[in-house]
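Participant: Return a 3D structure for these sequence lines:
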Amino acid sequence: MEKDKGRSKAPFDIDKVSFKNVNSSFEKKFRERYEQSIKMISDDLGGLVSAIGSNSLDILEKMAQRIEYYDMNSDFEDSYHQLLKEYEPFTET
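Facilitator: All right, here's what the predicted structure looks like:
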């Protein structure tokens, strides 16, 4: 049985992300959210929980791709929520 129903690709490798531009709090929160997301996907807690974990992991991957644009003053939560808004599907009818 496949546990990762909502994610068709393997998670990105967090060990390849360079956190040299950001402060230690940013890195710590990034790594914590990454671990939570992986756990949500792999724990088989149901489709919704897995989808939330997969969505969170997608946002983190986008953050990792833009990591060179963050600096020591960047706040993880602000950065995460900004990308979440940017990639939020349009739900207005």
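
Participant: Show the subsequent helix or strand relative to the worst-scoring helix or strand of the chain on mean pLDDT.
Facilitator: Sorting the helices and strands of the chain by mean pLDDT, DSSP states H and E puts helix 47-65 at the bottom, at a mean of 91. Note on helix 47-65: by DSSP states H and E, the next helix or strand toward the C-terminus is helix 76-87.

Participant: what packs against that following helix?
Facilitator: With contacts defined as 3 or more C-beta pairs under 8 Å, 6 or more residues apart in numbering; DSSP states H and E, helix 76-87 has these neighbours: helix 24-42, helix 47-65. No exception for glycine: its C-beta is placed from N, CA and C like everyone else's.

Participant: With respect to Gln82, which of these lies nearest?
Facilitator: Smallest distance to Gln82 across those (C-beta to C-beta): 9.5 Å, for helix 47-65.

Participant: elements contacting the closest one?
Facilitator: Packing partners of helix 47-65 (3+ C-beta pairs under 8 Å, 6+ apart): helix 24-42, helix 76-87.

Participant: Could you look over the ones you listed and pick the most buried one?
Facilitator: With neighbours taken as mean count of other C-beta atoms under 10 Å, the helices and strands packed on helix 47-65 reach their highest mean count in helix 24-42, at a mean of 16.

Participant: Mind telling me which residue is nearest the centre of the protein?
Facilitator: Nearest to the geometric centre of the chain sits Leu60, at 2.5 Å (C-alpha atoms, centre = their mean).

Participant: contacting residues around the closest residue to it other than its chain neighbours?
Facilitator: Of all residues not flanking Leu60 in the chain, Tyr34 sits nearest, at 5.6 Å (C-beta to C-beta, 6 or more residues apart in numbering). Residues in contact with Tyr34 (C-beta atoms under 8 Å, 6 or more residues apart in numbering) are Ile14, Leu57, Leu60.

Participant: Many thanks, I have nothing further to ask.
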